[in-house]
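J.: Got a sequence here, can you model it:
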Amino acid sequence: MLRICKQDKNKVMEQVKNKVLDGIMVSNSNLIDDIILSMCHEGVLDNLDQGFPDKRNTNSTIPLRFIMALVIVSKMKVRTSLTDIPYAIQDYRTLAELGYNAMSTDKSDGWFNEGTIRHLLGKYKSEDIFNYYNNVVQKHIFNTMDIETNIHILDCTKIAVNYNNENYEGSTFGYDRLGNSMRGYKLASLRGIYNDSGLIEDVRFGTVNIHDFKLSEEMLKTTPCFHEGDILLMDRGFTSREMMNYLKTVRKVDTYIPVRKSMEIYEMAIELAEEIDDWQPHPTRKDQMICHVNNVGEYFRTRNSKHDVDLNSCVVWSEDTQSYEVFITTDMNRSASDIVNIYNMRTEIEEDFRQLKDFWKLEDFKSTKLNIISFHLVCVLLGYLFYQLYLNTEDGQKYIGKCLPVILKNYKQEFLNYLVLFSGEYFCSMSMREFLEFRDECSTDVRKFILEFSVKNLTSKVSVGTF
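T.: Alright, predicted model coming up:
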């Protein structure tokens, strides 16, 4: 069972004097806690209360943002069980800012248990949960942070589950990038480039065997994240002349995409580049040369070709591999250097996106219900978003360009010289000095009680906060 506790130092001190002390935890520093604290200060955490219809029948006075914060922290610490939620946040400063905490209890009077959480999430469909993410990011978090992205990256990620477990709701068979058979799901995401970060601003969720383009088509046509003059970077799996036409003429968005070697436009662009013979050094890669070839739209046509927009291209020759690449765009005013520099932004942002796979861990996920899995994924997405936003704060700038899983692996916790005490429905933080002074003010039998409780519980893994 989980009990939600409200911060009230006076209540805790009063109850401890009556020998009511349910838990005691050492406060340690933790990067994930720092990120949550930063999101509190930025006003981002308050946004979690928005965009999600609250279907709780009881205990609805507890802010949704607090419940979400606890779950997000446990997910980012790669702890997937409900029992990991108590003590997930260990930094007293973050706890003080939130004003709530949770503790585990063997009693039946806890406010949450696994059945309660499952029952609550059972009121929402998987689609509702992903819509919540899109809504809270686009309409609330971006507004709070005054964010408007103009360069976007479209991607699809396969999410594997236990191959031998047939009970994963809505999962199908497919193949990973290496051609190995797998079971799972697929996530289409639109990331907006914000300074040096890629913010996931729109998502769609489906089965692993759905085509990338089919999963993302509706998102490209309707997402509110696009603005006139924006840029969209796609990979070869999304090559669609019709969509390029639509984005250019209806949404006023220019697309950039590498073309497949089997396409006519690939062969013709190379042939024209060799004919033009105006090769220039690649702006960032020493072993490559580039050539600008404009007006190549006629080599990539739809059936109703008179409505096709024209295309611009850059042909890249790699001396190292003795091979060509061709990049096309609907922006007719870009030079060859412009085209490769813009598309290379995708590569620069890719690594931080791959970090997400370290946090899915669906192969070990206990629940096979689609809405529970969706909630898990959305909490990971929010945690990843919080990290990207944190990188753009003064405290987070030192982590720019660094991989979050590696940072967490090498992060050294520090004892913050504070204790967190739990008593009944309340908790509080005390410095070691304040705690000792409080203990000394108590009667002899209460001091003995505190000492015995502290010795017993501060040596246990649960109380030290190592969930």
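J.: Could you measure from residue 45 over to residue 72?
T.: In this view, residue 45 and residue 72 are 9 Å apart by CB to CB, to the nearest Å. Where you see a C-beta, it was placed from the backbone N, CA and C, and this is true even at glycine.
J.: Then residue 40?
T.: In terms of CB to CB, residue 40 sits 12 Å off from residue 72.
J.: out of those two, which sits in the more crowded spot?
T.: residue 72 (28 against 19; other CB atoms under 10 Å).
J.: just to revisit the earlier point, common neighbours of residue 45 and residue 72, please.
T.: Residues touching both residue 45 and residue 72 (CB atoms under 8 Å, 6 or more residues apart in numbering): residue 36.
J.: Could you list the low-pLDDT ranges of the protein?
T.: The model of the chain has pLDDT under 70 over residues 1-3, 53-62, 79-87, 102-120, 348-353, 357-358, 360-364, 458-467.
J.: Mind giving me the packing neighbours of the biggest helix by length in it?
T.: Ranked by residue count and defined by DSSP state H, the top helix of the chain is helix 370-390. Here helix 370-390 touches helix 31-42, helix 64-76, helix 114-121, helix 126-135, strand 181-194, strand 197-207, helix 357-360, going by 3 or more CB pairs under 8 Å, 6 or more residues apart in numbering; DSSP states H and E.
J.: Output the ones you listed in CSV; the columns should cover distance to residue 146.
T.: Output for those, formatted as CSV (distance: least, CB to CB, whole Å):
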stretch, distance to residue 146
helix 31-42, 11
helix 64-76, 20
helix 114-121, 32
helix 126-135, 18
strand 181-194, 11
strand 197-207, 13
helix 357-360, 27
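J.: what's the closest of the ones you listed to residue 308?
T.: With CB to CB as the measure, strand 181-194 is the member of these nearest residue 308 (24.4 Å).
J.: so how far is that closest one off the chain centroid?
T.: 11 Å (CA atoms, centre = their mean, to the nearest Å).
J.: Show me what it is packed against.
T.: Right, strand 181-194 is packed against strand 151-160, strand 172-175, strand 197-207, helix 212-222, helix 336-354, helix 370-390 by 3+ CB pairs under 8 Å, 6+ apart.
J.: Mind putting those into a markdown table with distance to residue 26 and mean neighbour count?
T.: Formatted as a markdown table, those follow (distance: least, CB to CB, whole Å; neighbours: other CB atoms under 10 Å):
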| stretch | distance to residue 26 | mean neighbour count |
| --- | --- | --- |
| strand 151-160 | 36 | 20 |
| strand 172-175 | 45 | 14 |
| strand 197-207 | 33 | 22 |
| helix 212-222 | 45 | 17 |
| helix 336-354 | 32 | 17 |
| helix 370-390 | 24 | 23 |
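J.: Could you export the ones you listed as a markdown table, including distance to residue 329?
T.: Listed next are the helices and strands packed on strand 181-194 as a markdown table, based on distance: least, CB to CB, whole Å:
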| stretch | distance to residue 329 |
| --- | --- |
| strand 151-160 | 13 |
| strand 172-175 | 30 |
| strand 197-207 | 20 |
| helix 212-222 | 16 |
| helix 336-354 | 6 |
| helix 370-390 | 26 |
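J.: if we compare these, which one ends up closest to residue 138?
T.: strand 197-207 (6.4 Å).
J.: you'd agree residue 289 is up against residue 282?
T.: Yes: Residue 289 lies in contact with residue 282 (CB atoms under 8 Å); the separation is 6.3 Å.
J.: Common neighbours of the two, please.
T.: Contacts common to residue 289 and residue 282, judged by CB under 8 Å, 6+ apart, are residue 316.
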